[in-house]
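Student: Whatever this is, show me its structure:
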Amino acid sequence: MSHHAAMPNLGLKYNWFLPFYNWIYPIGGQASETHTGRTAEEVFGRISPAQSRALYVHVPFCDTICTFCPFVRAAEHDREVISEYVDALVKEIRLKGEIPQLTSTPIGAVFFGGGTPSFLTPDEISRIGGALRESFDLSVCREFSFEFEVKSATEDKLCAAREIGVTHARFGAQTFSPRYRRLFNLTATVEQMREAAHAMRRIFPYTSCDMLFGMNGQTTDELAGDVDAVVSLGLDNIDYYPINNLVTQPRLSRAFRAEGLTPTSGLTKFYMRLFVRAALRDYGFLPHNGHGYVRADHASLASDPVVTDGYSFVYHEHTIGYPAHDLLGFGVDAISSFNGFAVSNDPRRAAYVHALRDGYIPARVTEHSRELDTCRPLSLALPYHGRILREWVDWDALPTDVRAHYNAVVHAELVEESGAEVKLTRAGWEWYMNVTFDLLPHDEKRAIARVIQDAMTDRRRDVEPLGLEGDEARGGLAIL
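Tutor: Numbering: from 1, shown residues only. Reported below is the predicted structural model:
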């Protein structure tokens, strides 16, 4: 199956669909021989300066486990276990705060994720936030996000988060459909979501909600009902993601099978995405990146840009492609991503806690090639954010294959060059994941191929096929 097999009779630019929607870049990399050691200084003491840095704090505790969630987390109710983790997290923050290479770069964004950060007590929220402010200069921070689960979004926790500087409250609704809420093990009621959304809007400058689409067997009526319901919450920001069957829990696949629900095809998900965009526009929203929507003014709606520049998800500027932006993570399984290497904290909570008690951060360090960093603005920032400055790309250093694929997507009118900018066309936005894959360097495509191959051969889970109906025998995994 070719990368650019056009199907003009259908108006399609590709005849394959990548069943993989967001990931930490790069997936590829080799164990580091340079950034080694047990102490934070030995691992992080050689990183290059950056223009801006994001901080990520991972809280791996939940009241209940959602079946679509791929992240490291546990249903934990032992307050002593949680307190020990908070102790370790604060210690990691302070250890990294003693390293000039980590504190000299301006902090542009902070993100508390999980798990469920709102599972912490107000005092624990305050303690972690205080450690961050004492260890890092947040004076120019443009965005401070905190993920809530609506059942635990009590007034005292909302206020504690606001007091440590949180500007963006985020929560996951995912769906309002009773059957999918049951299959996802979502235990909050719709009324609890409405109450939490109202409280967050009152306390924080920004409140956003995550939604999913493309679930096995989802009908158009269910999709339309979800759009109507999430808009009724009165939020200015909505993030709408296609469900990623490669990383959902196998028990979700079993539950879908038990109800006779087969995976939604890539083609159907493609049209569902167009439906979401059109429906949200009717409600006054425009996309600001590949999956995020923001309420827009009348002038913006009238001009109907491919993506609006009226809002930016600042954390994703650091994790998805902006040059000279990097990421520093804290907590179990947290990732730190820098020019040339990445650091992944130990995913085992007990090992993480014990190591911090001994004064070191348990982590695995990988190095990646210079071409992966060279390609980052073109491969990630352009498709996801919709536009980049030409000066962000070292065009002479691009690998030959990436340059060839770039020329092809320009020729296919998925990307256009406009003065100092390179931008997606409307078709480019519609196919942004395919454009992303096309513009990746060869080694990263191979790394993604392995992830997809492993998932598609895993009998415990169901993943949508890669091609159009009838193309599977001919196409298979040839796109990889």
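Student: can I assume Glu416 sits in a strand?
Tutor: Yes: using DSSP: H, G, I helix; E, B strand; the rest coil, the assignment for Glu416 is a strand.
Student: Assign His58 to helix, strand or coil.
Tutor: His58 ends up strand, using three-state DSSP.
Student: contacting residues around it?
Tutor: Val72, Gly113, Gly114, Gly115, Gly329, Phe330, Gly331, Val332, Asp333, Ala334, Asn345 (Cβ atoms under 8 Å, 6 or more residues apart in numbering). Just so you know, the C-beta spots here come from the backbone N, C-alpha and C atoms, and that holds for glycine as well.
Student: now Ala397
Tutor: Arg370, Glu371, Thr374.
Student: how close does the second one get to Ile452?
Tutor: With distances defined as Cβ to Cβ, to the nearest Å, the gap from Glu371 to Ile452 amounts to 22 Å.
Student: same deal with the first one?
Tutor: According to Cβ to Cβ, Arg370 and Ile452 sit 25 Å apart.
Student: between these two, who's got more neighbours?
Tutor: A direct count of neighbours by other Cβ atoms under 10 Å for Arg370 and Ile452 places Ile452 higher, at 18 against 11.
Student: Which parts of the stretch 1-150 of the chain are strands?
Tutor: 30-31, 52-59, 61-62, 74-75, 107-114, 143-148 (DSSP state E, counting those that start in this stretch).
Student: follow-up on the earlier one: the contacts of His58 into JSON lines, with extra columns for distance to Asp123?
Tutor: Formatted as JSON lines, those follow (distance: Cβ to Cβ, whole Å):
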{"residue": "Val72", "distance to Asp123": "24"}
{"residue": "Gly113", "distance to Asp123": "20"}
{"residue": "Gly114", "distance to Asp123": "18"}
{"residue": "Gly115", "distance to Asp123": "18"}
{"residue": "Gly329", "distance to Asp123": "23"}
{"residue": "Phe330", "distance to Asp123": "18"}
{"residue": "Gly331", "distance to Asp123": "18"}
{"residue": "Val332", "distance to Asp123": "21"}
{"residue": "Asp333", "distance to Asp123": "24"}
{"residue": "Ala334", "distance to Asp123": "22"}
{"residue": "Asn345", "distance to Asp123": "24"}
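Student: Using CSV, please lay out those residues together with neighbour count, pLDDT and distance to Pro263.
Tutor: What follows is the contacts of His58, written out as CSV (neighbours: other Cβ atoms under 10 Å; pLDDT from 0 to 100; distance: Cβ to Cβ, whole Å):
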residue, neighbour count, pLDDT, distance to Pro263
Val72, 19, 59, 25
Gly113, 21, 94, 27
Gly114, 22, 87, 27
Gly115, 24, 85, 27
Gly329, 25, 97, 32
Phe330, 26, 97, 36
Gly331, 25, 97, 32
Val332, 26, 95, 31
Asp333, 18, 93, 27
Ala334, 26, 95, 31
Asn345, 24, 94, 33
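Student: ok, those residues vs Lys157, which is closest?
Tutor: Of all the contacts of His58, Lys157 sits closest to Gly114, with 13.5 Å by Cβ to Cβ.
Student: Return the set of residues that bridge with the closest one.
Tutor: Val59 (DSSP bridges).
Student: I'd say it and Glu147 touch.
Tutor: Yes: under the criterion of Cβ atoms under 8 Å, Gly114 makes contact with Glu147 at 6.1 Å.
Student: sorry, back to before: could you single out the nearest of the contacts of Ala397 to Val166?
Tutor: Closest to Val166, out of all of these and judged by Cβ to Cβ, is Thr374, at 34.9 Å.
Student: Please tell me how far the closest one sits from Trp395.
Tutor: 10 Å.
Student: again, but for Leu440
Tutor: In terms of Cβ to Cβ, Leu440 sits 17 Å off from Trp395.
Student: Looking at those two, which one has more neighbours?
Tutor: Leu440 (28 against 11).
Student: before we move on, back to that, let me have the contacts of Ala397 in JSON lines, extended by distance to Ala255.
Tutor: Formatted as JSON lines, the contacts of Ala397 follow (distance: Cβ to Cβ, whole Å):
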{"residue": "Arg370", "distance to Ala255": "44"}
{"residue": "Glu371", "distance to Ala255": "42"}
{"residue": "Thr374", "distance to Ala255": "43"}
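Student: got CSV for those residues, with pLDDT and secondary structure too?
Tutor: Formatted as CSV, these follow (pLDDT from 0 to 100; DSSP: H, G, I helix; E, B strand; the rest coil):
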residue, pLDDT, secondary structure
Arg370, 91, helix
Glu371, 92, helix
Thr374, 95, helix
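Student: Looking at those, which is nearest Val90?
Tutor: Among the contacts of Ala397, and counting by Cβ to Cβ, the member closest to Val90 is Arg370, at 35.5 Å.
Student: That closest one - nearest residue in space that isn't next to it in sequence?
Tutor: In space, Arg370 comes closest to Gly340 once its chain neighbours are excluded; the distance is 7.2 Å by Cβ to Cβ, 6 or more residues apart in numbering.
Student: I'd assumed Glu371 was in contact with the one you found.
Tutor: No: counting by Cβ under 8 Å, Gly340 does not reach Glu371; the two are 11.2 Å apart.
Student: Over to the residue nearest to the spatial centre of the chain: give its phi and psi.
Tutor: Centroid-nearest residue in the chain: Asn22, 5.7 Å away (criterion: Cα atoms, centre = their mean). Backbone torsions of Asn22, given as degrees, to the nearest 10, read phi -150, psi 140.
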